[in-house]
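Asks: coords please:
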Amino acid sequence: MHQVRISLTKFSALRLLIYANGVESGDTDFAEVEKILAKSAENDYRIIDTIAAVLHSPLFREEK
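Replies: Residues are numbered from 1 along each chain as shown. As a prediction, this is how the structure comes out:
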């Protein structure tokens, strides 16, 4: 069950980044995504904390 929660959180974070940035990036920095997941894990993967971690990530609204 824990692995499912992590997978869903990762999927949610990636989808949020796509919506926020307006494009699906083929060159996603997965090290940064892992940092988002680590922040989310600190708060038991609560969606609001995952959203906050995405918003504070350098991947959010990055310039292409």
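
Asks: Can you give me the neighbour number for the nearest residue to Val33 once chain neighbours are set aside?
Replies: Spatial nearest neighbour of Val33, excluding adjacent residues (CB to CB, 6 or more residues apart in numbering): Ala13 at 6.3 Å. Quick note: C-beta positions are derived from backbone N, CA and C, even for glycine. Neighbour count of Ala13, defined by other CB atoms under 10 Å: 23.

Asks: wait, doesn't Ala13 sit right on Ala53?
Replies: Yes - using CB atoms under 8 Å, Ala13 is in contact with Ala53, at 7.3 Å.

Asks: joint contacts of these two?
Replies: 36, 40 (CB atoms under 8 Å, 6 or more residues apart in numbering).

Asks: Regarding the residue nearest to Val33, which helix or strand does it belong to?
Replies: helix 2-21 (DSSP states H and E).

Asks: Enumerate the positions of that helix that are buried.
Replies: 9-10, 12-14, 16-17, 20 (16 or more other CB atoms under 10 Å).

Asks: out of those, who's nearest Lys35?
Replies: Ala13 (10.1 Å; CB to CB).

Asks: which helices and strands sit right next to the helix or strand bottoming out on mean pLDDT in the chain?
Replies: Ranking every helix and strand in the chain by mean pLDDT, DSSP states H and E puts helix 2-21 at the bottom, with a mean of 82. Helix 2-21 sits against helix 30-42, helix 47-55, with contacts defined as 3 or more CB pairs under 8 Å, 6 or more residues apart in numbering; DSSP states H and E.
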